[in-house]
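Undergrad: Next one to model:
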Amino acid sequence: MSLTNDREKYIGACVRRARHRWAPIDRDGKIRGSREDLAKRVKELVPNSLVTADVLENIETGRTRLKLSDALDIAIALGVPLVNLFVDVQKPFENNPLFPDGKTNLQIYDEQRLDDFELQAEDTDFKKAGRLLADTNKLQWMLKAYPVHGLVDISAVAEHKYRMALREWNNSQFWIYTDKGRFRMGGYSKTPQPKRGEYSATKQEQVELSLKVFKVLVNTVNDIAKNLNWLGRYAYCIPDEMADRILDAVAEAGRCVQSFDVDAISVSQPKYWDVSFEELVARVRKSNVESLDETLADRATGDVARWQQGEDSSSQFCNEELGRVYEDAGEGQGAREV
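TA: Reported below is the predicted structural model:
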């Protein structure tokens, strides 16, 4: 048997095991993990996919080489990283024959998920973007859940106590998870489920929660600034509507932080970044980045023509242009720890 056939059979076995691990469960308890089921799921998520039950059979038996486009469609349907289709998760400590350096399946899987893996530079940028979105959502939720008038409103403190009690109660229950939802199968705790409205708050609890909210707001704003600065330095862009969301949330957070009774919670007002948020957001706003790309392309085209005619030096133009684009791209000053 040829080496190529061995590789295809190994990949096919990995795809088959991934499908078996995915197998959803119906309401009647029947496992739905056939090739037909997976092909149907692929079609639901990727309507233009060419993956069918017959294609899956050929891939899993090693008769057909797995195409990158098909691998992406299958990974999306299974809800797994692409690397899962090329490693045997059931044999993590065995060498993977697809890689000639003798690495185990576990080593290959871990390398594809490490932040400092040299082939994952773009992954770091995606994580920065993901954190930016998560921090923006977190900031907006915090501002809505914990309104501040000198201190966090006393009603929000009581609601916070209810949410914490409900989370603790949920953690004490025994749940079964299926693709159709979550079902409670009795509980380890006989404590009745907490009810909204049966909690009150003291002045001391109000002060303590206000201090926590103050710190979270300041640190979240600072994290947003760090990620904006990172993405802006490398000309990444975000949708204009998201840029507006960030500006509105940060402006509201600034007003909220300024309204805290800092003497009551024993903190000082934070020092924000020297670079304004308007400028940080402007660097990554999609319309601005696209406009800058077009301007640079037009100027570069004209510069090449001038250089060919001996009118000036393209290196001088590039140095001047880069200086204008990145003159403010240095790291800003972070918010002071509170």
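
Undergrad: shaky segments in the stretch 151-300 of the chain?
TA: Counting by pLDDT under 70, the stretch 151-300 of the chain contains low-confidence ranges at 174-190, 272-273, 289-300.

Undergrad: again, 50 this time
TA: Scanning the stretch 151-300 of the chain with the threshold set as pLDDT under 50 gives 296, 300.

Undergrad: Could you pull out the strands in it for me?
TA: Secondary structure of the stretch 151-300 of the chain (DSSP state E, counting those that start in this stretch): strands at 151-152, 173-178, 181-187.

Undergrad: again, but for the stretch 1-150 of the chain
TA: Here the stretch 1-150 of the chain has its strands, by DSSP E, counting those that start in this stretch, at 148-149.

Undergrad: For it, which segments are assigned as helices?
TA: Under the criterion DSSP state H, counting those that start in this stretch, the stretch 1-150 of the chain carries helices at the ranges 3-22, 35-45, 53-60, 68-78, 105-111, 121-145.

Undergrad: Now do the third one: which elements does it pack against?
TA: Pointing back at helix 53-60 there. Here helix 53-60 touches helix 3-22, helix 35-45, helix 68-78, going by 3 or more CB pairs under 8 Å, 6 or more residues apart in numbering; DSSP states H and E. C-betas here are computed from N, CA, C, even on glycine.

Undergrad: at 6 Å what do you get?
TA: On a contact count with 3 or more CB pairs under 6 Å, 6 or more residues apart in numbering; DSSP states H and E, helix 53-60 meets helix 3-22, helix 35-45.

Undergrad: sorry, back to before: output the helices of the stretch 1-150 of the chain in CSV, with mean neighbour count and distance to residue 245 appended to each entry.
TA: Below are the helices of the stretch 1-150 of the chain laid out as CSV (neighbours: other CB atoms under 10 Å; distance: least, CB to CB, whole Å):
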stretch, mean neighbour count, distance to residue 245
helix 3-22, 17, 35
helix 35-45, 17, 27
helix 53-60, 18, 41
helix 68-78, 18, 27
helix 105-111, 17, 35
helix 121-145, 15, 6
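
Undergrad: Now do the residue sitting nearest the centre point of the chain against residue 222, distance only.
TA: Against the mean C-alpha coordinate of the chain, by CA atoms, centre = their mean, the closest residue is residue 130 at 3.1 Å. Distance from residue 130 to residue 222, counting by CB to CB, to the nearest Å: 17 Å.

Undergrad: and if you look at residue 248?
TA: Separation of residue 248 from residue 222 (CB to CB): 18 Å.

Undergrad: Residue 208 now?
TA: Noted for residue 208: a distance of 22 Å to residue 222, by CB to CB.

Undergrad: who's more crowded, these two?
TA: residue 222 (20 against 15; other CB atoms under 10 Å).

Undergrad: Show me this structure divided up by domain.
TA: Following automatic domain parsing, one gets these domains for the chain: 3-113, 121-152+202-326.

Undergrad: gap between the first one and the chain center?
TA: For domain 3-113, the gap between its own C-alpha mean and the chain's C-alpha mean amounts to 24 Å (CA atoms, centre = their mean, to the nearest Å).

Undergrad: any idea of the mean pLDDT in it?
TA: Average pLDDT, domain 3-113: 85.

Undergrad: hmm, back to that, now the helices and strands packed on helix 53-60 in a markdown table, with distance to residue 277?
TA: Below are these laid out as a markdown table (distance: least, CB to CB, whole Å):
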| stretch | distance to residue 277 |
| --- | --- |
| helix 3-22 | 43 |
| helix 35-45 | 37 |
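
Undergrad: Contacts only, for residue 33.
TA: Listed by CB atoms under 6 Å, 6 or more residues apart in numbering, the contact partners of residue 33 are 20, 23.

Undergrad: For residue 41, see how far away it is.
TA: 10 Å.

Undergrad: any idea of the pLDDT on the residue nearest to the centre of the chain?
TA: Note on residue 130: pLDDT of 85.
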